[in-house]
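Asker: Below is the sequence, then the predicted model.
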Amino acid sequence: MDIINSIVLLCNFLVIPALTYGSQLALGAIGVTLIYGVLRFANFAYGDLMAFGTMTVILVTWYLKSLGINLGVLPTALIALPFGIIATILISLLFDKTVFKYYRDKKSDPVILIVVSLGVMFILNALVRIIIGPGDVVFMDGARFIMKAREFKDLTGLDEGLALKSTQLITFITTIITASLLFYFLNKTKTGKSMRAYSNNEDLALLSGIDPNKIIILTWVLVSILATVAGTLYGLDKSFKPLAYWNNLLPIFAATIVGGIGNPLGAFYGGFVIAFTEIGLTYAYKKFLVYLLPENLEPSSLIQYISTDYKFAISFAILVVVLIYRPNGIFKGKVI
């Protein structure tokens, strides 16, 4: 029974949280890699684009709830999600037309576009803070748990309980569906193949008659969808705070580079690599080892490799190591 208890413990505090966090990072990383693959620059405004989309979802959620509209056991934010996606698409296209297009037409160096994206980042960050404020916003409603730890204990007779939040299951299922639809679009449809062709060889794609303006617009549409979905899932699972989305930019970029920047499938897997590494290294294994080891060998300390205070340092370290030893990532994306 001790072995089963140890497995349940690990699933409760490591596996399920890592799958949830990894799903959120995976969607974010795919968005970053699409921008780099098609538009040829690292968009540092992506975290705040996620925050903007989530903010819109929250505002629409509040309005729907004021009208008495909800989804019962499911979060009302799921109804508001399409409105957040539309708002994010519009503001992305606005910034592209008024800011990025100017530098793209001038054939500016990618470093210039990175600096420009930092300016867009500050604008979006200020806009979100002005509209909704800098504090925590909890907008999750409906059923909080699918299974509570005590219910699991009563059902199985184990000492350890397994809790599964509804947001965790929604996050994982939504990520799988969203990623599957995106990969099908990119690999099986004519438009998706045109995007890939434009990303691989812009000059050859233009000679083939591919319209670059349509590809660019479509890229921003896909990126906006991914940013809003990822941001909303993160906000539902934890809470909404503008600064948190800016902080998540580091693990998202790390996931993108680990998977191979410019490679959407690699970015997807990279999100889970970063999540499992972060949570795995910051988890305290004392209780887990108590179940497995004889009493005389039980650890007296937490057996925690790295403090949770240095969680983001793990992403930074992974990013640096990958850039030095395998700059094109695990799945061989573009070399930076």
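Answerer: Yep, it's here. Numbers count the residues shown, from 1 in each chain.

Asker: Next, the contact list for the closest residue to Gly161 other than its chain neighbours, please.
Answerer: Counting by Cβ to Cβ, 6 or more residues apart in numbering, Gly161 lies nearest to Ala149, which is 2.7 Å off, once chain neighbours are set aside. C-beta here means a position set from N, CA and C on the backbone, and glycine is covered the same way. Counting by Cβ atoms under 8 Å, 6 or more residues apart in numbering, Ala149 touches Asn12, Gly161, Leu162, Ala163.

Asker: Any chance of CSV for these, columns distance to Lys153, pLDDT and secondary structure?
Answerer: Output for those, formatted as CSV (distance: Cβ to Cβ, whole Å; pLDDT from 0 to 100; DSSP: H, G, I helix; E, B strand; the rest coil):
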residue, distance to Lys153, pLDDT, secondary structure
Asn12, 11, 95, helix
Gly161, 5, 92, coil
Leu162, 9, 94, coil
Ala163, 10, 95, coil
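
Asker: Max pairwise distance over those: which two?
Answerer: Spatially, the most separated pair among the contacts of Ala149 is Asn12 and Gly161, at 7.2 Å (Cβ to Cβ).

Asker: Could you name the helices and strands sitting against the helix ranked longest in the chain?
Answerer: For the chain, the longest helix by residue count, based on DSSP state H, is helix 212-237. With contacts taken as 3 or more Cβ pairs under 8 Å, 6 or more residues apart in numbering; DSSP states H and E, helix 212-237 sits against helix 16-39, helix 46-66, helix 77-95, helix 166-188, helix 190-200, helix 202-207, helix 242-247.

Asker: between these, which one is nearest to Val223?
Answerer: Between these, helix 16-39 lies closest to Val223; by Cβ to Cβ that is 4.6 Å.

Asker: now Leu226: how far from Val120?
Answerer: Going from Leu226 to Val120 by Cβ to Cβ, to the nearest Å gives 17 Å.

Asker: Apologies, that question was intended for Gly133.
Answerer: 21 Å.

Asker: Of the two, give the one with the bigger neighbour count.
Answerer: Comparing Gly133 with Val120 by neighbour count (other Cβ atoms under 10 Å), the higher total belongs to Val120, at 22 against 13.

Asker: Make TSV out of the contacts of Ala149 and add distance to Leu81 and neighbour count.
Answerer: Output for these, formatted as TSV (distance: Cβ to Cβ, whole Å; neighbours: other Cβ atoms under 10 Å):
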residue	distance to Leu81	neighbour count
Asn12	28	17
Gly161	31	19
Leu162	28	19
Ala163	25	17
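
Asker: Of those, which is the nearest to Ile69?
Answerer: Distances from Ile69 to those, taken by Cβ to Cβ, are shortest for Ala163, at 28.8 Å.
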